[in-house]
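J.: Need coordinates for the below:
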Amino acid sequence: MTATLPADGEPELSLAAFQALLDARSGRTDIVLSDMGWASLYRPNIRMAEHFRAGRVLLAGDAVHVHPPAGGQGLNTGVQDAHNLGWKLAAVLAGAPDGLLDTYEEERLPIAAHVLGLSEKLLRKGFAGDPDALERSADERQLTLTYRGSSLCAGQGSGGVRPRDRMPDGGAPGGRRIFELLRGPGFAGLERDGHVFLLRPDGYIGGIFGTRAQAGAYISSIGRHGRPIRG
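T.: You can find the predicted model right below:
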């Protein structure tokens, strides 16, 4: 049970107090609360750090952006932070230039700012009692987010799919799914319709090229030292 309360004063966090709130706001007296195991008072926060990296310090998840509970966006965003940062850290540890880590903030900060704005909008709708406050669209599922404008992207679009976008799922040779090809820590290459789709370890399209050689050159350019493309 969650209830909004006046901003002033310290409310009583007891079973009797919750029961009184429920009775008053539901207009019913036949629902009886019991066995309260935990209660707390919290205030929604909307905060984000100015930078995601300071030298050897890298922030992710709740350490860099704090969301109100509306929409349940905090965990999703934090997991995506970790996935974006993880493969780049692995690349740098394997010999890639340190500057690759700067693209973590470049790509994730705009996403976090967008999602925070969405969470705030949902929170205000909830406080206002708007009927669509609990509706969830593709934005809340975070399946439409892109890294368009990222310096890591290369190549041209193909068939409505562009570099910087999240790779959509679909059928692959041998009856497999595209997402099956994405499993693993490295890049994956998918050849289709005369193009090579180079898929990053986090599931986003790094580039769309005419040949595997061009895709391999791209990997080398960001410090992967020609690591073979799988798939």
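J.: where does the protein have low pLDDT?
T.: Along the chain, segments meeting pLDDT under 70 span 157-159, 223-231.
J.: Could you pull out the strands in it for me?
T.: Per DSSP state E, the chain carries strands over the ranges 47-48, 53-54, 57-58, 65-66, 154-155, 171-172, 176-177, 188-192, 195-199, 205-209.
J.: Let me have the ones you listed in a markdown table, extended by mean neighbour count.
T.: The C-beta positions use only the backbone N, C-alpha and C, and glycine is treated the same way. Below are the strands of the chain laid out as a markdown table (neighbours: other Cβ atoms under 10 Å):
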| stretch | mean neighbour count |
| --- | --- |
| strand 47-48 | 12 |
| strand 53-54 | 15 |
| strand 57-58 | 14 |
| strand 65-66 | 21 |
| strand 154-155 | 20 |
| strand 171-172 | 12 |
| strand 176-177 | 10 |
| strand 188-192 | 18 |
| strand 195-199 | 24 |
| strand 205-209 | 24 |
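J.: Would you format those as CSV with distance to Met36 included?
T.: As requested, the strands of the chain are exported to CSV (distance: least, Cβ to Cβ, whole Å):
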stretch, distance to Met36
strand 47-48, 30
strand 53-54, 43
strand 57-58, 40
strand 65-66, 27
strand 154-155, 56
strand 171-172, 51
strand 176-177, 46
strand 188-192, 50
strand 195-199, 49
strand 205-209, 49
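J.: which residues does the residue nearest the centre of the chain contact?
T.: Closest to where the C-alpha atoms of the chain average out (Cα atoms, centre = their mean) is Thr77, at 3.2 Å. By Cβ atoms under 8 Å, 6 or more residues apart in numbering, Thr77 lies in contact with Gly61, His65, His67, Ile111, Ala112, Val115, Gln142.
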